[in-house]
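Visitor: Give me coordinates for this.
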Amino acid sequence: MNLPKFEFVTTIETIKSPTLVLGWYQTESQEKDQPSLPLYKGKRSKEIDVLQEQIRVSKHFNGKKNEVDFLRFFSLGGYSNIFLLGLGNPKKFSMEVARQGGAALFHAQKKEKVTKLAIQADSIFAGARPSEINLAVQAFCEGYLLASYEYKDLKKPESKPFIMEGVTFLGMKSAALVKATEKAVYLTGAVNFARSLGDRPGNVLTPTEFSRLVERMAKERGIKCTILGRKEIEKEKMGLLLGVAQGSAEEPKLIVLEHMKGKKSDKPIALVGKGLTFDSGGISLKPADRMEEMKYDMMGAATVAGVFQALADLKVAKNVVGVIAATENMPGGRAQKPGDVQKSMTGKTVEIINTDAEGRLILADAMEYVQKYFAPQAMADFATLTGAVVVALGTVTTGIMGTHAGLIEAVKKASRETDERVWELPLYEEYEEDLKSATADIRNSGNREAGSSKAGMFLKFFVDSTLPWVHFDIAGSAWHRKDINYHPTKGASGAMVRLVTHWMENWQNPK
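Guide: Here you go, the predicted model:
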């Protein structure tokens, strides 16, 4: 979809939009059993006072969060159409309220087929502190643009598609505000890139096509991209990745991204992504119900790809390397079997108990690869790894776990500042007991108890004990949330791209 042009003006003479957006907050009625009342906190005028009284009398709008009403052919200040945008309790205003407000406005705008908007900025951002205005504008634009995402590549083109032409913020203008909207455009573009990778079906997004799309993104931005095919992977002796791939006719790929924009003396931060472009479960076949959703089993890899797009577009001055392991997991005649023993890149042996616990296998080889060739100062991996994390946390938050308290705290701080939730799960030594094998160094699956933590313990087995590391299990959060209006109605959410980009921007060496 074409993106609108965001503009800022201090006078209205140059505005060429017939539609004005007014933000309204919500105040509780003093009378029992009466609805809450709309509260206008922008600059007052006689026309606004009349409008507020009409709204109060009609009781059709009360300013609650994400409530939108459209007054067509309602004259006010030279505008013939008015959007009323509810923002809720002004004492509870936050960047997430702004983000969801932007999304609510977009959905209403699309429904009414309004192509241009003029927004009375002081009415929208009245709940923000002066020091937060730039962040609030960025968040509002993020929500607006994230809500506009749709994956339509495989559908017949619409005869008259809705096109957003422009959004003008009235009464405010500065270089910092322009920069805030530009950052929103870059961040949401990266999130939507990750979403689009996930929404492609498995026969379209093969490992080869995945690597081609990531390589194209990287080339357009000057990111070094190296792609290893089967022969190179065999040369590296990555037996865990090859074991998962051997049941598929599709060639596995290892995609290596290098964004080296920091000091030459700084070791890079490593981001590793699980890229199962389709996961049937292999010989340990998944149930047929909803198996089509296993095209999303590469959202960890999509997260890494999205972050690298954002890092390049935002010109983040850090050294970051990314490794994506991409393959299918299929039950072909050559597929690995439960009971097989495979060997990792560094020679560690793994007994395959469950071929559907494959993501941790390809991650293990990818993590060993990045440790061998890049000696990172810290490492994070991203994976739709376990159904157990969905049972524990649902789609509301991402499960994290790791070996370094400072690294974990930095992730939590980025979570608070981007409104992308995380929740720490434990990595107790007792969980490793269930992964002991009689025939190999470790086995890839244990019993059903603490499944997410045991998967984390398996990955920890392949991480150098001196390396700060954090694992993101996005099996729940990678899927859309129905209660978040800037998520798609179905499909990939693009979770963690904003958080990780913010984390990289503000990176400090783990202590």
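Visitor: what's the nearest residue to residue 505 if we skip its chain neighbours?
Guide: residue 316 (5.4 Å; CB to CB, 6 or more residues apart in numbering). Where C-beta positions appear, they are placed from N, C-alpha and C, glycine not excepted.
Visitor: Now do the same contact list for the one you found.
Guide: Residues near residue 316 by CB atoms under 8 Å, 6 or more residues apart in numbering: 259, 261, 310, 501, 504, 505.
Visitor: quick one: average pLDDT of stretch 60-73?
Guide: Stretch 60-73 shows a mean pLDDT of 94.
Visitor: for it, which positions count as buried?
Guide: 61, 62, 63, 64, 65, 66, 67, 68, 69, 71 (16 or more other CB atoms under 10 Å).
Visitor: which one of these is nearest residue 21?
Guide: Of all these, residue 68 has the smallest distance to residue 21: 9.3 Å, by CB to CB.
Visitor: burial of the residue nearest to residue 124 when sequence neighbours are not counted, as a residue count?
Guide: Nearest non-adjacent residue to residue 124, counting by CB to CB, 6+ apart: residue 23, 3.7 Å away. Neighbour count of residue 23, defined by other CB atoms under 10 Å: 26.
Visitor: Then residue 112?
Guide: Residues contacting residue 112 under the criterion other CB under 10 Å number 13.
Visitor: before we move on, back to that, can I get the contacts of residue 316 in JSON lines including secondary structure?
Guide: Converted to JSON lines, the contacts of residue 316 look like this (DSSP: H, G, I helix; E, B strand; the rest coil):
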{"residue": "259", "secondary structure": "strand"}
{"residue": "261", "secondary structure": "coil"}
{"residue": "310", "secondary structure": "helix"}
{"residue": "501", "secondary structure": "helix"}
{"residue": "504", "secondary structure": "helix"}
{"residue": "505", "secondary structure": "helix"}
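Visitor: related to what we said a few turns ago, out of the buried residues of stretch 60-73, give me the two with the largest separation.
Guide: Farthest pair in the buried residues of stretch 60-73 (CB to CB) is 65 and 71. Separation: 19.5 Å.
Visitor: do you know how far the closest residue to residue 174 other than its chain neighbours is from residue 86?
Guide: Excluding the flanking residues, the one nearest residue 174 by CB to CB, 6+ apart is residue 8, at 7.3 Å. Separation of residue 8 from residue 86 (CB to CB, to the nearest Å) stands at 23 Å.
Visitor: Count the neighbours of residue 46 for me.
Guide: Neighbour count of residue 46, defined by other CB under 10 Å: 7.
Visitor: and if you look at residue 429?
Guide: Residues near residue 429, counting by other CB under 10 Å: 7.
Visitor: Could you give the backbone dihedrals for it?
Guide: Phi and psi for residue 429, reported as degrees, to the nearest 10, are phi -60, psi -30.
Visitor: Settle this for me: the residue nearest to residue 124 is touching residue 90, isn't it.
Guide: No: in this structure residue 23 lies outside contact range of residue 90 using CB atoms under 8 Å: 10.1 Å.
Visitor: between these two, what contacts are shared?
Guide: Common contacts of residue 23 and residue 90 (CB under 8 Å, 6+ apart): 41, 126.
Visitor: Residue 237 contacts residue 348, correct?
Guide: No: Residue 237 is beyond contact range of residue 348, at 11.2 Å (criterion: CB under 8 Å).
Visitor: out of the two, which sits in the busier spot?
Guide: residue 348 (18 against 15).
Visitor: Alpha carbons only: can I get stretch 124-136 in CSV?
Guide: Extracted in CSV, the C-alpha atoms of stretch 124-136 (Å, rounded to 0.1, in the frame of the first residue of the first chain):
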residue,chain,number,x,y,z
ILE,A,124,-4.7,14.4,20.3
PHE,A,125,-1.5,14.8,22.3
ALA,A,126,-2.9,16.8,25.2
GLY,A,127,-2.4,13.9,27.5
ALA,A,128,1.4,13.7,26.8
ARG,A,129,4.1,15.5,28.7
PRO,A,130,5.9,18.2,26.7
SER,A,131,9.0,16.0,26.7
GLU,A,132,7.0,13.1,25.3
ILE,A,133,5.4,14.9,22.3
ASN,A,134,7.9,13.6,19.7
LEU,A,135,7.6,10.0,21.0
ALA,A,136,3.8,10.3,21.0
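Visitor: Buried residues of that stretch, list them for me.
Guide: Of all the residues in stretch 124-136, those buried under the rule 16+ other CB under 10 Å are 124, 125, 126, 127, 128, 132, 133, 134, 135, 136.
Visitor: Mind checking which of these are in strands?
Guide: Among these, no residue falls in strands (DSSP state E).
Visitor: In JSON lines: those residues, plus distance to residue 431 and pLDDT.
Guide: Formatted as JSON lines, the buried residues of stretch 124-136 follow (distance: CB to CB, whole Å; pLDDT from 0 to 100):
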{"residue": "124", "distance to residue 431": "48", "pLDDT": "97"}
{"residue": "125", "distance to residue 431": "47", "pLDDT": "97"}
{"residue": "126", "distance to residue 431": "50", "pLDDT": "95"}
{"residue": "127", "distance to residue 431": "45", "pLDDT": "94"}
{"residue": "128", "distance to residue 431": "44", "pLDDT": "96"}
{"residue": "132", "distance to residue 431": "42", "pLDDT": "97"}
{"residue": "133", "distance to residue 431": "46", "pLDDT": "97"}
{"residue": "134", "distance to residue 431": "44", "pLDDT": "98"}
{"residue": "135", "distance to residue 431": "39", "pLDDT": "98"}
{"residue": "136", "distance to residue 431": "42", "pLDDT": "98"}
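Visitor: out of those residues, who's nearest residue 157?
Guide: residue 124 (33.9 Å).
Visitor: need the contacts of residue 316 in JSON lines with neighbour count, distance to residue 322 and pLDDT, can you?
Guide: Formatted as JSON lines, these follow (neighbours: other CB atoms under 10 Å; distance: CB to CB, whole Å; pLDDT from 0 to 100):
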{"residue": "259", "neighbour count": "26", "distance to residue 322": "8", "pLDDT": "98"}
{"residue": "261", "neighbour count": "15", "distance to residue 322": "14", "pLDDT": "98"}
{"residue": "310", "neighbour count": "26", "distance to residue 322": "12", "pLDDT": "98"}
{"residue": "501", "neighbour count": "26", "distance to residue 322": "12", "pLDDT": "98"}
{"residue": "504", "neighbour count": "23", "distance to residue 322": "11", "pLDDT": "98"}
{"residue": "505", "neighbour count": "15", "distance to residue 322": "16", "pLDDT": "98"}
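Visitor: Closest one of those to residue 185?
Guide: Nearest to residue 185 out of the contacts of residue 316 is residue 310 (CB to CB; 10.7 Å).
Visitor: Could you find the closest non-adjacent residue to the closest one?
Guide: In this structure, residue 310 finds its nearest non-sequential neighbour in residue 190, 3.7 Å apart by CB to CB, 6+ apart.
Visitor: For the helix or strand harbouring that neighbour, what is the distance to the chain centroid?
Guide: Using DSSP states H and E, residue 190 sits in helix 175-199. Centre-to-centre, helix 175-199 and its host chain are 11 Å apart (CA atoms, centre = their mean, to the nearest Å).
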